[in-house]
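Engineer: What follows is a protein structure lacking sequence information:
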DNA sequence: TATCCACACGAAAACGTTTTAGTATTTGTT
DNA sequence: AACAAATACTAAAACGTTTTCGTGTGGATA
């Protein structure tokens, strides 16, 4: 293991000054041709790479962005990360990820660990526990300190920053409308507790669709799953809740689930009850992931285009970073479009 | 947006020297009690956080580790990342991720972007294209420059470094033995091309199991999928290859697939052909992910314990980093245990 | 009163860069 | 030949820390 060469050692070795080396390497016209050649040759030989940390310190920017998400073993979030990575890398940025595991404390710690010069800005999807507590001081403080934040998916309205979301209400309305158009008379929704913004909004969309079709609201048909945990840590509990939901609501012929896992689990319960999909029960899930695609039968879903969301997040953040001097306090909210991906858990319109 | 306070501004504000402030904040006994109090109060008031970049430069270590994987939209890899994150965070390290997208060039670029002082060490799973090219100069050069690397899952034997793997051969043998014990007579394997180490090794385990049971090798029963791409970019092609494989091998009653996706796709093809699982065909997949768990019927798989693999990777790397002065050139290969998770695509032994 | 030591603090170097502001030396101009 | 200007380079500061080595003050001791 040889020591990594620095400007200083190159300078000493070639008996010139550090500044000469620096300038030679960037082809400054201040430096003579033969010196340039000597320096470049030497640098190439010893595979000199400018130390990024020193550059970060000097420039007061690190060219890395911090992404904080509730969990990473989750198709939607990884898709978003892919989009972030792609755009960020194209712009010469690195991505550092922190996981909150849906925990408020870990979210705070993660923010703390990075908001000390390590990163230039954050992209964040808020933990469920944080949403439930409604304590956002760590986020606002970070913004106040001059570190820009972009929120996606799970956003909080009160905080002023750039946001990337889907139109949850309209999209959900569209999905439920599809069920209605397909002949469903008794449609249930499997949602989250209301503190999760997306769950709340998707429930609203469900209700709007019913209302628009003059179907009376029935609270029994609204199941709000209580899980503050990771998606996979309480599967049996989830299944049990859905099973009792089915038991209490015979004759269900349509299910709208606010995420893929709920939809898949609903299908599992239905199968155990001998209910035919889509003949007796049609199902639509929000979020189009691997589970939906490979489910049996393949699940009709709403695609959120996570990759594009990620790209948008990164674009918003980097644009703000690069013109940080201008200090405009106008924030954007990008609404990315959704698509209804018709597969085999819904009847094809005839 | 107020400016982040530095030692210098605190010093000026309190009319003491920078070193005094620094020492006061770390409770040095060199500093008088009332000065300490003044400094600490001021620091707390303005929420002073030491600049991490400056520390990194001074200490010549960044306390962050780079993880480079082929893709992130993939259950196994994200599970490993979770394990890495957990251990790393506990040790005060951050994790920065780079995606190679199975591309050699992107792998090189990613290594380059980070091996310039940005990170202290790498954890890497090699891209398929790199494995196919057998060009590992970027990896060896990085190691030569004194940046330690830990490889996992897709490792390359020729490179000396710490590694975390599963015993692919023995595990695969065990899985195939299970199929044989369950009464399978004609067992096919769906594997990858041989340049992917894990595919090669798992195929070897398959053959060893057959051999051990005096079942003659039949090359027709060995399907080596040719995909250099991401797992989800060529699904139809994958399905087509498996379909012809089924067509060419009637009477198959057992399938061992070297990953989850191949197994799931095989089940899909079987279903289209009206083959009952597990009655007519038993299936075991390598890698226990969400797909397997939520498949219908739930898939019998081999669990690789990705989370523990991640923890082991991080532990190996950080241990090496923390005693980097000692420079021991003895590398470890940790073999993490696997489990056969019996679900419903295999007959329960009676 | 002279010496010593503890105490409380400051100066400066170092980490590896970039950049501004010089400074010699050579070249060109009249 | 004298001076201006171009050329080729160097010195030093700066980014924000930590840490080593001083240093000046005061009180205690002899």
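Structural biologist: Received, thanks. Since the structure is predicted, the reported quantities are computational estimates derived from the model, not experimental observations.

Engineer: any idea whether the residue of the stretch 251-350 of chain A found nearest chain B is helix, strand or coil?
Structural biologist: Closest residue of the stretch 251-350 of chain A to chain B, C-beta to the nearest C-beta: residue A:296 (4.3 Å). C-beta: built from backbone N, CA, C; applies to glycine. Assigned by DSSP: H, G, I helix; E, B strand; the rest coil, the conformation of residue A:296 is coil.

Engineer: I'd say it and residue B:270 touch.
Structural biologist: No: counting by C-beta atoms under 8 Å, residue A:296 does not reach residue B:270; the two are 11.3 Å apart.

Engineer: Comparing these two, which shows the higher neighbour count?
Structural biologist: More crowded of residue A:296 and residue B:270, by other C-beta atoms under 10 Å in any protein chain shown: residue B:270, with 21 against 18.

Engineer: Am I right that that one is in a strand?
Structural biologist: No: Residue B:270 is assigned helix when assessed by three-state DSSP, not a strand.

Engineer: Was I right to think it contacts residue B:282?
Structural biologist: No: the pair residue B:270 / residue B:282 is not scored as a contact, 10.5 Å apart, by C-beta under 8 Å.

Engineer: what residues are up against residue A:289?
Structural biologist: A:75-76, A:79, A:260, A:301 (C-beta atoms under 8 Å, 6 or more residues apart in numbering or on different chains).

Engineer: any idea how far residue A:50 is from residue A:142?
Structural biologist: Per C-beta to C-beta, to the nearest Å, residue A:50 is found 29 Å from residue A:142.

Engineer: Which parts of the stretch 201-350 of chain A are helices?
Structural biologist: Along the stretch 201-350 of chain A, counting by DSSP state H, counting those that start in this stretch, helices occupy A:235-248, A:260-272, A:290-294, A:306-322.

Engineer: Quick check: closest non-adjacent residue to residue A:155.
Structural biologist: Excluding its sequence neighbours, the residue lying closest to residue A:155 (C-beta to C-beta, 6 or more residues apart in numbering or on different chains) is residue A:163, at 4.8 Å.

Engineer: To clarify, my last question referred to residue A:205.
Structural biologist: Nearest residue to residue A:205, sequence neighbours excluded (C-beta to C-beta, 6+ apart): residue A:172, at 2.8 Å.

Engineer: residues in contact with the helix or strand containing that neighbour?
Structural biologist: Assigned by DSSP states H and E, residue A:172 belongs to helix A:168-181. Helix A:168-181 has contacts (C-beta under 8 Å, 6+ apart) with A:187, A:189, A:197-198, A:201-206, A:208-210, A:212-213, A:215, A:254, A:256, A:258, A:282, A:284, A:286, A:300, A:302, A:338, A:340, A:346, A:349.

Engineer: which of the residues you listed count as buried?
Structural biologist: Buried subset of the contacts of helix A:168-181 (neighbour count, 16 or more other C-beta atoms under 10 Å in any protein chain shown): A:187, A:189, A:197-198, A:201-206, A:208-210, A:215, A:254, A:256, A:258, A:282, A:284, A:286, A:300, A:302, A:338, A:340, A:346.

Engineer: Please flag which of these sit within strands.
Structural biologist: Those of the buried ones among the contacts of helix A:168-181 mapping onto strands are A:187, A:189, A:254, A:256, A:282, A:284, A:286, A:300, A:302, A:340, per DSSP state E.

Engineer: now, among those residues, which is nearest to residue B:235?
Structural biologist: The nearest member of those to residue B:235, counting by C-beta to C-beta, is residue A:300 at 17.6 Å.

Engineer: ok, the closest one - contacts?
Structural biologist: Taking C-beta under 8 Å, 6+ apart as the definition, contacts of residue A:300 comprise A:178, A:282-285, A:340-346.

Engineer: what are the bridge partners for it, then?
Structural biologist: residue A:284 (DSSP bridges).

Engineer: Which members of the contacts of residue A:289 are the farthest-apart pair?
Structural biologist: Greatest spacing in these, by C-beta to C-beta: A:79 and A:301 (13.1 Å).

Engineer: Looking at these two, which is more packed in?
Structural biologist: Neighbour count, other C-beta under 10 Å: between residue A:79 and residue A:301, residue A:301 has more, with 30 against 23.

Engineer: Spit out the contact partners of the more buried one.
Structural biologist: By C-beta under 8 Å, 6+ apart, the neighbours of residue A:301 are A:260, A:263, A:284-289, A:292, A:340-341, A:343.

Engineer: Do you know the pLDDT at it?
Structural biologist: At residue A:301, the model reports a pLDDT of 97.

Engineer: can you check residue A:227 too?
Structural biologist: 74.

Engineer: The residue nearest to it when sequence neighbours are not counted and residue A:74, how far apart?
Structural biologist: Spatial nearest neighbour of residue A:227, chain neighbours left out: residue A:234 (5.7 Å); criterion: C-beta to C-beta, 6+ apart. For residue A:234, the distance to residue A:74 equals 15 Å [C-beta to C-beta].

Engineer: Which one's more surrounded, these two?
Structural biologist: Shown here are residue A:234 and residue A:74; by other C-beta under 10 Å, residue A:74 has more neighbours (23 against 16).

Engineer: Could you measure from the more buried one over to residue B:79?
Structural biologist: Noted for residue A:74: a distance of 11 Å to residue B:79, by C-beta to C-beta.

Engineer: List just the nearest of the contacts of residue A:289 to residue B:38.
Structural biologist: Nearest to residue B:38 among the contacts of residue A:289, with distances taken as C-beta to C-beta, is residue A:76, at 49.6 Å.

Engineer: What count of nearby residues applies to that closest one?
Structural biologist: Residue A:76 has 21 neighbouring residues, counting by other C-beta under 10 Å.

Engineer: Correct me if wrong: it contacts residue A:305.
Structural biologist: No: under the criterion of C-beta under 8 Å, residue A:76 makes no contact with residue A:305, lying 10.3 Å away.

Engineer: Quick one: low-confidence residue ranges for the stretch 201-350 of chain A.
Structural biologist: Along the stretch 201-350 of chain A, segments meeting pLDDT under 70 span A:228-233, A:324-327, A:349-350.
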